[in-house]
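Visitor: coordinates only, sequence not included:
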């Protein structure tokens, strides 16, 4: 996973490059939470362009970061959803809470 912070926009982008499953989600969550607390962004974007697999652990990861963003007064967006990832988010109802952008 890579992250990039843009200070002028208070924007942080997380480019997830791993499969998101129960095994990897704990490490990803720690890195994301550290970066969010470090920079206190106003907007958080998760880029799923390189994610080939995600299970329900990924839904929990995103919902948890959505709640954290709300507490901090930040907005959260999902970007570049692959077909399989988009289906999982649609079935879970996450897309009714979190907007999707194509960047």
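Guide: Thanks, I have the structure now. The structure displayed is predicted, hence computed values, not measured ones. Residues are numbered from 1 along each chain as shown.
Visitor: which SS class is the residue nearest the centre of the chain?
Guide: When C-alpha atoms, centre = their mean is applied to the chain, the residue found nearest the centroid is residue 46 (3.6 Å). Here residue 46 is strand, with the state taken from DSSP: H, G, I helix; E, B strand; the rest coil.
Visitor: Report the beta-bridge partner residues of it.
Guide: Note on residue 46: beta-bridge partners by DSSP bridges are residue 14, residue 78.
Visitor: any idea how far residue 86 is from it?
Guide: Per C-beta to C-beta, to the nearest Å, residue 46 is found 13 Å from residue 86. Quick note: C-beta positions are derived from backbone N, CA and C, even for glycine.
Visitor: again, but for residue 51
Guide: Distance from residue 51 to residue 86, by C-beta to C-beta: 10 Å.
Visitor: Looking at those two, which one has more neighbours?
Guide: Neighbours were counted for residue 51 and for residue 86 using other C-beta atoms under 10 Å; residue 51 has more, 20 against 16.
Visitor: got a list of contacts for stretch 19-39?
Guide: Contact partners of stretch 19-39, identified using C-beta atoms under 8 Å, 6 or more residues apart in numbering, comprise 1, 3, 5, 10, 12, 14, 16, 18, 44, 51-55, 57-58, 60-61, 64-65, 68-69, 72, 74.
Visitor: So which bits of that stretch are buried?
Guide: By 16 or more other C-beta atoms under 10 Å, the buried positions in stretch 19-39 come out as 20, 24-25, 28, 32, 35-36, 39.
Visitor: from those residues, which is closest to residue 93?
Guide: residue 20 (17.6 Å; C-beta to C-beta).
Visitor: one step back: among the contacts of stretch 19-39, name the ones in helices.
Guide: If you go by DSSP state H, those have 57-58, 60-61, 64-65, 68-69, 72 in helices.
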